[in-house]
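> Sequence below, structure please.
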Amino acid sequence: MSTGKCYLVDSGYVNTDCFIAPYRSAHYHLSNYLESSQRTYEKKEEVYNHQHTQRRNIVERTFGILKKKFRILNTG
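Modelled structure (predicted):
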């Protein structure tokens, strides 16, 4: 699958040349992080995971909007 593109994937996948997964040894879900004024990270993997989950969240919300607009995407 070498298309020159990379895909943000969840922790069910492993990192490859094309799949960018979060660190399994660090917090991952947005609910694990406090408000930005109170946020602290214990290690660099948590910073990476927080950035990863923010971007992946944008992608998932976009798909939600598209599924509402184009109902055909909800089938299958």
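> contacts, neighbours, all on C-alpha from now
Will do.
> if I read this right, residue 24 contacts residue 12, doesn't it?
No - when contacts are counted by Cα atoms under 8 Å, residue 24 is not listed as touching residue 12 (9.3 Å).
> In terms of neighbours, single out the busier of these two.
Neighbours per residue (other Cα atoms under 10 Å) separate residue 24 from residue 12, with residue 24 holding more: 14 against 9.
> For burial, what's the neighbour tally of the residue nearest to residue 73 when sequence neighbours are not counted?
Nearest residue to residue 73, sequence neighbours excluded (Cα to Cα, 6 or more residues apart in numbering): residue 67, at 5.4 Å. Residues within reach of residue 67, counting by other Cα under 10 Å, total 14.
> per-residue confidence at residue 67?
We have a pLDDT of 94 for residue 67.
> tell me which element residue 16 falls in.
Under DSSP states H and E, no helix or strand contains residue 16.
> Could you pull up the residues touching it?
Contact analysis of residue 16 by Cα atoms under 8 Å, 6 or more residues apart in numbering lists nothing.
> The same query, at a cut-off of 10 Å, please.
6-7 (Cα atoms under 10 Å, 6 or more residues apart in numbering).
> Same check on residue 67?
61, 73-75.
> Flag the least confident of these.
Where pLDDT dips furthest among the contacts of residue 67: residue 75, at 82.
> Could you tell me the per-residue confidence at residue 76?
For residue 76, the model assigns a pLDDT of 65.
> in the protein, what spans have low per-residue confidence?
The chain contains residues with pLDDT under 70 at 1-2, 28, 30, 32-37, 76.
> where do the strands sit along it?
Assigned by DSSP state E, the chain shows strands spanning 7-8, 19-20.
> who's in contact with the residue nearest to the spatial centre of the chain?
With distances taken as Cα atoms, centre = their mean, the residue of the chain nearest its centroid is residue 56 (3.0 Å). For residue 56, the contacting residues are 7-10, 50, 62, by Cα under 10 Å, 6+ apart.
> Brilliant, that's me finished.
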